[in-house]
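> Any chance you can model this:
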Amino acid sequence: MNEIKTQLILLGSTFNFIVMFKLLLTCFLGGIIGLEREVKRKPVGIKTCIIIAVTTCILTVVSIHAAEYYAALSSNIRTDPMRLAAQVISGIGFIGTGVILHKNNDMISGITTAAMIWSAAGIGITVGAGFYGDAITVAIIIIITLKYSRYL
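Numbering: from 1, shown residues only. Model prediction:
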């Protein structure tokens, strides 16, 4: 019984409210971008943008925390905290390609939707790295661009 109590205390001490904030902010920002796509009946909507943004955020957080953790263990261990984020961007390219490369009367379409996937990942990385204002600014710029691009 004491071991269970000890484990619960350790769990509570490792629960990070800053990470929770990052994930919730990312969920909100990814969701508003996905909502815009869903309103326009595009293939990538709220769920997809939230999943991409939140997953990218947590991978960025893990990457940064892992780099800090292993650097503290030994002075011989050096890692790049943004290495995982760079790989995420490459992986997101494959998803975006799948959105673009669907047959529709030999017309290329889906480029904006693929860009939304990429931007959701970028917002996740940005929030995960702790640049909240930048992520909010980017989300606002994207929404304004999508909504008013026919007037630009």
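> need the helices for the protein, in chain order.
Under the criterion DSSP state H, helices of the chain are mapped to 2-14, 17-39, 46-73, 83-100, 111-128, 132-148.
> Tell me how many other residues surround the residue nearest to residue 122 when sequence neighbours are not counted.
Closest residue to residue 122 apart from its sequence neighbours, by CB to CB, 6 or more residues apart in numbering: residue 138 at 7.0 Å. Heads up, the C-betas are built off the backbone N, CA and C, glycines and all. The number of residues packed near residue 138 is 17, by other CB atoms under 10 Å.
> show me what contacts residue 138?
Counting by CB atoms under 8 Å, 6 or more residues apart in numbering, residue 138 touches 119, 122, 123, 126.
> Could you list the buried residues of stretch 140-152?
For stretch 140-152, the neighbour count (16 or more other CB atoms under 10 Å) marks 142, 146 as buried.
> Could you check how far it is from the centre of its chain?
Chain-centre distance of stretch 140-152: 21 Å, with CA atoms, centre = their mean, to the nearest Å.
> Please pull out the lowest mean pLDDT helix or strand from the chain.
helix 2-14 (a mean of 58; mean pLDDT, DSSP states H and E).
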